Structure formats: structure tokens, C-alpha cells
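Enquirer: Quick one, structure for this:
(2 chains)
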Amino acid sequence: MINEEITNFELEVLELLKNVMDPEIEVNIVDLGLIYELKYDGDKTIDIDLTFSTPSCPLGDTIVSGIKETIKKKYPDFTTNVVVVFDPPWNTEMVSEDGRRMLGM
Amino acid sequence: MNGLSSNNAPHPSVVKPHFIFGSLALLVLSVMIILADTTLLGPYFDGKMIAITHMAVLGWATMIVFGALYQLIPVVFETSLFSEKLAKFTFWMAGLGVLLLTYAFWITDYTGLLPNAALFMFVSLLLFVVNVILSYKDSKKKNISSRFVITAVGWLSVTELIGTLIAFNFKYNFFTEAHLHYLKIHASIGLIGWFLMLIIGVGSVLMPMFMVSHQLDDKKLVRSYYFINMGLLAMAVNWLFIHFEKITPIFWLSIVTGIYFFISYVYDSYKKRIRKVLDIGMKHTMISVLSIFLPVIISLIIFFGRGMDSMLLLRTTSLYGFTIIFGLITTIILGQTYKTLPFIIWLEKYQALVGKTKTPMPRELYSEKIADLQLLIYLFFIVFMIMGLLLDQIWLVRIGSYLLLTVAVLYNINVFKIIFHQIKKNYSHD
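Expert: This is a model prediction of the structure:
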């Protein structure tokens, strides 16, 4: 796979992850800016650096399994690794324009 | 995955019974208020008034708080609850204890049933305290919010100890001062030490989380913690051992200063929120926080109104308790039920389905129309009761009582709708 194809696939997965919602805030995790990094190795592995709006987020496990299940549903042979990071801490600047609209900002 | 809490969440069977008991207790409470009728305009230390107060603070508020706190310990302490079995045992003991205690007050059986019921209640609350303290011991997160919670639990023990001693004094008569003196200490520590401290501790975590606000000044919470605790501790020691009444306003000022810092923290959180629209749960919560001003103003009237008509002073004292129990505590519990209970049931029913199929949002588990109506009627209830107590008008109090019954019915409809929620076919596995 050439670099451009990898980037296009990563964007496709990001778009797919807009289906994973934070059920409390009711905004998807991509527009909330919770995904710090998404890397595709060009074969069958996707690595994601994820954060939460608060370290004690009670929905942490649910969001992680939501990501894995969403990818697995479309790409059953793929492996998804999710690493939860808190550095840098999430802040409101990370919310996308669409996310801001959804939040009524 | 450090910091994640849903792994630590207790089984729903620990939490749900508390919400069921608490909701039904609100219903019973509203019926008790209707039955008490003219007693509500009499002295606050009447048996029926004390029965109503205990059904409100223990049967309704504390039961829901216990359930919510078991769920929130992983969020506030970042650890799991020490023992779920102990929590379940405590629920049955506390439930029976509340019923016995309230009945003893209602029928004014102060020397037979009351001491036994009080002892039963004391042991059950002590079991809760032990469970929370042992959970806190394993906590990875000992910050200002968790310190508020654990201190509130400490004050709960003191409240219960004094309450039990009062109950035993009816039979064995060993107090050096009048009952009302100890009742004042019991109520002050219970309402400020237990409820207010807990509301600040849990609220300081949940409010910014629900409104999505960041970069808040924790120093305000630290100041709030020390001002409230120093004031309350000094007030309790003075009332118990020194009896220098003239110094009380200084301690009162310390507590009010602490409350100011908390309100300022909530205001910052409100201003910095990115979630602009307040849902029904947060509307209740904001009204509750604002209502803290009411008891502060009323306590000023009580301080400086020593010369006023004695019946008016008694009703003003009842009003003071009413604004704390219903203005602050009940409002926030009504609201936070809509934030915590749907979430608990949602996790139970849909956690395994996330990503596999479309799932509803937690707020779709209850009727928002009913919740909106409930809040509106509740505000009318508060207004009618305050006016009735101030103006000594039983017809206003009666209307208020029936409004509360309506609120309790609407609240129960929503609570049971959430608890008995079933996964719909279109949400099950594809």
C-alpha cells in the first residue's frame, strides 16, 4: 500500500468512528477530539491513541469496546489496539467545529 | 487503562434497590405530609414533624445517596467498593431501621420502640461508614473532592451517634441540657456535615463532568472545605461543651464563607462549560445550588429575630429546615437521579451492544416530558410551602402537600420506567 492509500484508509476509519458516541455528552468521540492518533500499518492492524474528557470517565471501557466493535464489524479480520493516554490532557480546544455545533457552543 | 472506572462499578443489584426504596419513600413522605396537615404549622419538634424529617433525610435522601455513592465511589475515589455484600446487607438494615424509626416518631413511642429503632439505624449507618472508609483506604485518588466525601461520611457517624444518644435519653434521661439543644446539634451536623459536604464533594466531580468544563480552580474547593469544617467543628464543640452562644455567628460566618467558595466554583464551571444546553438533571442541580441562599438568609432572620413572635420563630425554624431538605437536598437528588440512574441501567443493558448495533442514549430511558412537568410542579410546591409557612396559611400548605404528591408520582413513574427498561428488538444484535 502506498502512503496515500494508507492515509485515505485512516480517514475512512476516522469517519467510521464517528458512529461511536459518548452517550452522556451525545457527541461522537471523533468530533469531541478524543482520538489523538490513528495509525494503520498497511496490513491488518490499527493503532489508536485515545483520551477521555476526564480521567475518571465512567464510560471509559464502553468507549474502548465501542471503537473495537465498530471497526471489527466493518473489517472483521483487522486487529485494533487502543491505548488510553492522558498526556496532553484533553481540553475544549480539541473539539471540532461540528462538535461545537452539536454542543451548542 | 489507569483511571477508568466502569470496571470498578458495583453490580447494578447493589445500587438499584436504593433507588427503588428512595423513590417509594418520597411517595410515603408526601402522604405523611398530607396526613400531618396542621401539624406542619406547629412546632418543628412535634413527633409527626420529626417522623416526616427522618423519612425525608433517611428514607428518601440518604437511601438514594447511598445507592448513588456506591456507583460513584469508582469515579470519586478511583477504586472499587470495598464490599458489595456488606452494601446489600446495609441496605436491608437501613431500610428496616428507617421504617421503625419513622413509625416510632409518628406514634410518639419514645421510650419503647424509639431507642431500639435508633440503635438499629445507628448500626446500619455505621456499616455504610465502614464500607466507604475501607474503600477510601484503597483509593488512588485522594484529592479535595474525595476528602469532602470521606469527611461527610465522618460527620454522618457523629450525626447518628448524637441522634442515638437523644433517643436513649428519652428512656434513661442522662443529658445535662434540654433535648432541643442536642436536636439542634444533631440537625446542624446532619444537614451541613453530612449532606452539604457530600453534595460539594460529589458535585465538584460530577458538575464539571456533566457540563464539560475544564481548568477550574481547585483552591476554591480547598477553601470551602476548611471554612465549612472549621466553622461546623467549632460550632459543635461550643454547643456541646462550652455553651458560649454569642460566638455562634462567627462560626456561622465561617460556614457561609465556605459555601460562597463552593458557589463560586460552580459558577466558574457553569461559565466555562462547553455543553451549553442544560438538560433536566442539570437544571435541577443549578436550582438546588442557587437555593443555598434561602437557608442562609433564613438563618440570619433566626439569629436577629429573637424578639419576634414565638410561633413565627418556630415556623421560621421549620422553614429553615424545609429550605435545606427540599430546596437544596431534594432538588439535587431529583435532578441527579436523571443523570445517574439512566446511566447505570444503560450500562447494564447496552454496554455489551455498543459498536455492534445502534443503542439508545441514556436520556431516552425516561420520559423527558414527565421530568419537565415534575420540575415545574416541584417549583410550585416550594413556593406554596414557603408562603404557607411564612403566612401561617394551612390552605397554602395543603396545596403544596398535594403538589409534592404529584411530584412523587411523576418521579416514581420515571424511576420505574428506567429500572424496568427492556432492550427493544430494534436495539438487539443485528
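Enquirer: contacts and neighbour counts: CA atoms only from here.
Expert: Will do.
Enquirer: Now do the helices in chain A.
Expert: Assigned by DSSP state H, chain A shows helices spanning A:3-16, A:60-74, A:97-103.
Enquirer: and those helices as CSV, adding mean pLDDT?
Expert: Conversion of those to CSV gives the following (pLDDT from 0 to 100):
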stretch, mean pLDDT
helix A:3-16, 89
helix A:60-74, 91
helix A:97-103, 87
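Enquirer: among the ones you listed, which is the most enclosed?
Expert: Of the helices of chain A, the one with the most neighbours on average (mean count of other C-alpha atoms under 10 Å in any protein chain shown) is helix A:60-74, at a mean of 20.
Enquirer: on that earlier part again, switch the helices of chain A over to JSON lines; also include distance to A:L34.
Expert: Rendered in JSON lines, the data for the helices of chain A read as follows (distance: least, C-alpha to C-alpha, whole Å):
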{"stretch": "helix A:3-16", "distance to A:L34": "11"}
{"stretch": "helix A:60-74", "distance to A:L34": "10"}
{"stretch": "helix A:97-103", "distance to A:L34": "11"}
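Enquirer: right, so of those helices, which gets closest to B:I189?
Expert: If you check each of the helices of chain A against B:I189 by C-alpha to C-alpha, helix A:60-74 wins as the nearest, at 36.5 Å.
Enquirer: Among the helices of chain A, which comes closest to B:F168?
Expert: Checking the helices of chain A against B:F168 by C-alpha to C-alpha gives helix A:60-74 as the closest, at 48.4 Å.
Enquirer: got the helices of chain A as a markdown table, with distance to chain B columns?
Expert: Rendered in a markdown table, the data for the helices of chain A read as follows (distance: least, C-alpha to the nearest C-alpha, whole Å):
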| stretch | distance to chain B |
| --- | --- |
| helix A:3-16 | 11 |
| helix A:60-74 | 4 |
| helix A:97-103 | 5 |
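Enquirer: neighbours around the residue in chain B that chain A sits nearest to, how many?
Expert: Of all residues in chain B, B:G355 sits closest to chain A, at 4.4 Å by C-alpha to the nearest C-alpha. For B:G355, the count of nearby residues is 25 (other C-alpha atoms under 10 Å in any protein chain shown).
Enquirer: Skipping its backbone neighbours, what lies nearest the residue most central in space within chain A in space?
Expert: For chain A, the residue whose C-alpha lies nearest the mean C-alpha position (C-alpha atoms, centre = their mean) is A:I35; its distance is 4.2 Å. Using C-alpha to C-alpha, 6 or more residues apart in numbering or on different chains and skipping the chain neighbours, the partner closest in space to A:I35 is A:L50 (4.6 Å).
Enquirer: which residues touch the one you found?
Expert: If a contact means C-alpha atoms under 8 Å, 6 or more residues apart in numbering or on different chains, then A:L50 has A:L34, A:I35, A:Y36, A:E37, A:V82, A:V83, A:V84, A:V85 as its contacts.
Enquirer: Low-confidence ranges, chain B, go.
Expert: Across chain B, the ranges flagged by pLDDT under 70 are B:1-7, B:425-430.
Enquirer: Apply the buried test to the contacts of A:L50 and list what passes.
Expert: Among the contacts of A:L50, the ones that count as buried by 16 or more other C-alpha atoms under 10 Å in any protein chain shown are A:L34, A:I35, A:Y36, A:V82, A:V84, A:V85.
Enquirer: In strands, which of those fall?
Expert: Of the positions in the buried ones among the contacts of A:L50, A:I35, A:Y36, A:V82, A:V84 sit in strands, assigned by DSSP state E.
Enquirer: ok, which pair from those residues is furthest apart?
Expert: Between any two of those (C-alpha to C-alpha), the greatest distance is 10.9 Å, for A:Y36 and A:V82.
Enquirer: okay, and the common contacts of the two?
Expert: Taking C-alpha under 8 Å, 6+ apart as the contact definition, A:Y36 and A:V82 share the neighbouring residues A:I48, A:D49, A:L50.
Enquirer: sorry, back to before: B:G95 is nearest to which of the helices of chain A?
Expert: Shortest separation from B:G95 across those is recorded for helix A:60-74, at 32.9 Å, computed as C-alpha to C-alpha.
Enquirer: now the closest one, how far from the centre of its chain.
Expert: Between the mean C-alpha point of helix A:60-74 and the mean C-alpha point of its chain there is a distance of 9 Å (C-alpha atoms, centre = their mean, to the nearest Å).
Enquirer: what packs against that helix?
Expert: When contacts are defined as 3 or more C-alpha pairs under 8 Å, 6 or more residues apart in numbering or on different chains; DSSP states H and E, helix A:60-74 packs onto helix A:3-16, strand A:79-84.
Enquirer: So what angle separates the directions of it and strand A:79-84?
Expert: Using axes from the mean of the first three to the mean of the last three C-alpha atoms, to 10 degrees, the inter-axis angle of helix A:60-74 relative to strand A:79-84 is 160 degrees.
Enquirer: before we move on, the earlier item: which one of the shared contacts of A:Y36 and A:V82 sits closest to B:G201?
Expert: The closest of these to B:G201 turns out to be A:L50 (C-alpha to C-alpha; 27.9 Å).
Enquirer: So which residues of the stretch 51-200 of chain B form helices?
Expert: Secondary structure of the stretch 51-200 of chain B, counting by DSSP state H, counting those that start in this stretch: helices at B:63-76, B:84-106, B:113-137, B:144-172, B:179-188, B:197-211.
Enquirer: Next, the buried residues of stretch A:47-56.
Expert: In terms of neighbour count (16+ other C-alpha under 10 Å), stretch A:47-56 has its buried residues at A:I48, A:D49, A:L50, A:T51, A:F52, A:S53, A:T54, A:P55, A:S56.
Enquirer: just stretch B:290-297 next, same as before
Expert: Taking 16+ other C-alpha under 10 Å as the neighbour-count basis, stretch B:290-297 is seen to contain the buried residues B:S291, B:I292, B:F293, B:L294, B:P295, B:V296.
Enquirer: residues touching the last one, list them.
Expert: Taking C-alpha under 8 Å, 6+ apart as the contact definition, B:V296 lies against B:V256.
Enquirer: Could you give the number of residues near the closest residue to A:L103 other than its chain neighbours?
Expert: Of all residues not flanking A:L103 in the chain, B:R275 sits nearest, at 5.0 Å (C-alpha to C-alpha, 6+ apart). Counted with other C-alpha under 10 Å, residues neighbouring B:R275 total 19.
Enquirer: what about B:R275, distance to B:S204?
Expert: Applying C-alpha to C-alpha, to the nearest Å, one obtains 17 Å for the distance of B:R275 from B:S204.
Enquirer: for B:Y267, same thing?
Expert: Relative to B:S204, B:Y267 is positioned 11 Å away (criterion: C-alpha to C-alpha).
Enquirer: More neighbours: which of those two?
Expert: Applying other C-alpha under 10 Å to B:Y267 and B:S204 shows that B:S204 carries more neighbours, namely 23 against 14.
Enquirer: For B:L198, see how far away the more buried one is.
Expert: When C-alpha to C-alpha is applied, the distance between B:S204 and B:L198 equals 10 Å.
Enquirer: Touching, B:V31 and B:L403? I think so.
Expert: No. In this structure, B:V31 is not within contact of B:L403 by C-alpha atoms under 8 Å, at 10.9 Å.
Enquirer: Nearest to B:P43 among the buried residues of stretch B:290-297?
Expert: Minimum separation from B:P43 among these (C-alpha to C-alpha) is found for B:P295, which lies at 18.0 Å.
Enquirer: Which of the helices or strands spans that closest one?
Expert: Mapping B:P295 onto the secondary structure by DSSP states H and E places it in helix B:293-304.
Enquirer: Which secondary structure elements does whichever helix or strand comes after that helix sit against?
Expert: Once the chain leaves helix B:293-304, the next helix or strand it forms, by DSSP H and E, is helix B:310-322. For helix B:310-322, the contact count by 3+ C-alpha pairs under 8 Å, 6+ apart identifies helix B:293-304, helix B:368-391 as packing neighbours.
Enquirer: Buried ones in the last one, by neighbour count?
Expert: Along helix B:368-391, the positions that meet the burial threshold by neighbour count (16+ other C-alpha under 10 Å) are B:371-372, B:374-375, B:377-379, B:381-382, B:384-390.
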